[in-house]
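Undergrad: Here's a sequence, model it:
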Amino acid sequence: MNTFKKKILDSSVIFFYGLIMGAVNKIPGVSGGIVAIIFGFYEKLILSFSRFDVYSLIIYRKEGFNSFYKHINGNFLLFLLFGVIISFFSTSLMIGFFLENHQAQTLGFFCGMIIYSTIIIVKKIPNINFYCIISNISGFLFGVAFFFITPGNEIKNPFFIFLCGILSVSGMVLPGLSGSMILLALGNYKLLLIDSVNNLYYFIINVGKGYGLERLDVESKNLIFLLMIFGFGSVVGLILFSKILNLLIARYKNIIMSSLAGFILGSIGSVWPWKSLVYDENIGSLFLKLNNNYFYYPKSLSTENITILISILIGIFIVYVIEKVNVRS
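TA: Model (predicted):
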């Protein structure tokens, strides 16, 4: 395979990662950072975003754009983020369809992926010591505690929207920490990930038809403005979190990975397929009630439970295959 074809293939693969990452980020309780762990580019992602600093600007000024682009892994970030943006209007709709029509099976699929992702992280820790165990337990407890957060009230203040952007983007760099769940807790999930995004989508469609801002009402303009502020906050948060994480991973990699493994495992309840808002003993055997949700485990092999178990196994198998392919490549 010549160099050009290899670049096209690599870029297409990265774009695909972005599609999956963007779609997963929109699901409350699921973190886009999980995708980076599954596909084996988590540390590269953190390193790339962390390189947006004063030093990168010096490189741009002294050596030009090409050196700057290479320094920040520009090709990787460009196609990844392009995939993330595109998925907001496409792939996420497909996942939304499955969540609406086959919710338990879809959650089971993600549950399986997360279970094996935790195993992948643990396998990356060469020396498990006392500090790793403590970090793992702490991460697990923090993940469980995250479920006690209840949805807040919607706030449209621009400064608060900027803060939402900084905090919610953590889901891209912290596997297990859902940016969508954070927005739910802050009360702005519907405002920023549904209403604002839909308005931007229809605005782009109208522009394509030859219409301009005159077709937008005041509310639509405000929503797009808030989405721009949210996007700016997300960029700031992405660089900030990545910079901190990159420094921590470089110095305390085993402890950080142990914490992430525990946190992911602790937050798995967000995709637990056997749960309900009402108590129903026919669903299964109740083992936990948390934040107005009833969590069950199946007590019979009904058709639905079999399909959920198969979905979990498929999720585990896919991550297993991806891991093996990444190891060989």
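Undergrad: which residues in the protein form strands?
TA: With strands called from DSSP state E, the chain shows them at 275-276, 285-290, 293-297.
Undergrad: Worst mean pLDDT among those strands?
TA: Lowest mean pLDDT within the strands of the chain: strand 285-290, a mean of 72.
Undergrad: quick check, distance from that one to the centre of its chain.
TA: 27 Å (Cα atoms, centre = their mean, to the nearest Å).
Undergrad: mind listing what the closest residue to M113 other than its chain neighbours touches?
TA: Using Cβ to Cβ, 6 or more residues apart in numbering and skipping residues adjacent in sequence, the residue nearest M113 is G315, 4.1 Å away. C-beta: built from backbone N, CA, C; applies to glycine. With contacts defined as Cβ atoms under 8 Å, 6 or more residues apart in numbering, G315 is in contact with G108, F109, F110, C111, G112, M113, I114, I115, Y116.
Undergrad: cutoff 7 Å now
TA: Each residue near G315 by Cβ atoms under 7 Å, 6 or more residues apart in numbering is listed here: F109, F110, C111, G112, M113.
Undergrad: want to throw the strands of the chain into CSV with distance to I182 and mean neighbour count?
TA: Output for the strands of the chain, formatted as CSV (distance: least, Cβ to Cβ, whole Å; neighbours: other Cβ atoms under 10 Å):
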stretch, distance to I182, mean neighbour count
strand 275-276, 20, 17
strand 285-290, 18, 12
strand 293-297, 18, 16
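Undergrad: Could you dump the ones you listed into CSV and include distance to G74?
TA: CSV is the format used below for the strands of the chain (distance: least, Cβ to Cβ, whole Å):
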stretch, distance to G74
strand 275-276, 42
strand 285-290, 43
strand 293-297, 43
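Undergrad: Ok, which of those comes nearest G187?
TA: strand 293-297 (18.9 Å; Cβ to Cβ).
Undergrad: Who are the packing partners of the closest one?
TA: Other elements packing on strand 293-297 under the criterion 3 or more Cβ pairs under 7 Å, 6 or more residues apart in numbering; DSSP states H and E are strand 275-276, strand 285-290.
Undergrad: Of all those strands, which one comes closest to G165?
TA: Of those, nearest to G165 by Cβ to Cβ is strand 285-290, at 28.4 Å.
Undergrad: What would the closest one look like as PDB? C-alpha coordinates only.
TA: This file holds the C-alpha atoms of strand 285-290, laid out as PDB (Å, rounded to 0.1, in the frame of the first residue of the first chain):
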ATOM      1  CA  SER A 285     -35.400  -9.400  41.200                       C
ATOM      2  CA  LEU A 286     -34.900  -5.900  42.700                       C
ATOM      3  CA  PHE A 287     -31.400  -5.400  44.200                       C
ATOM      4  CA  LEU A 288     -31.100  -1.600  44.400                       C
ATOM      5  CA  LYS A 289     -33.200   1.600  44.300                       C
ATOM      6  CA  LEU A 290     -31.100   4.700  43.400                       C
END
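Undergrad: So what touches it?
TA: F147, Y279, Y294, F295, Y296, Y297, K299.
Undergrad: mind redoing it with 10 Å?
TA: 144, 147-148, 269, 272, 274-276, 279-280, 294-300 (Cβ atoms under 10 Å, 6 or more residues apart in numbering).
Undergrad: Hmm, D195 is touching L223, no?
TA: Yes - applying Cβ atoms under 10 Å as the test, D195 and L223 come out as touching, 5.8 Å apart.
Undergrad: out of those two, which sits in the more crowded spot?
TA: Between D195 and L223, L223 has the larger neighbour count (other Cβ atoms under 10 Å), namely 22 against 18.
Undergrad: For that one, list the residues it contacts.
TA: K156, L191, L192, D195, S196, V197, N198, N199, L200, F203, L216, D217.
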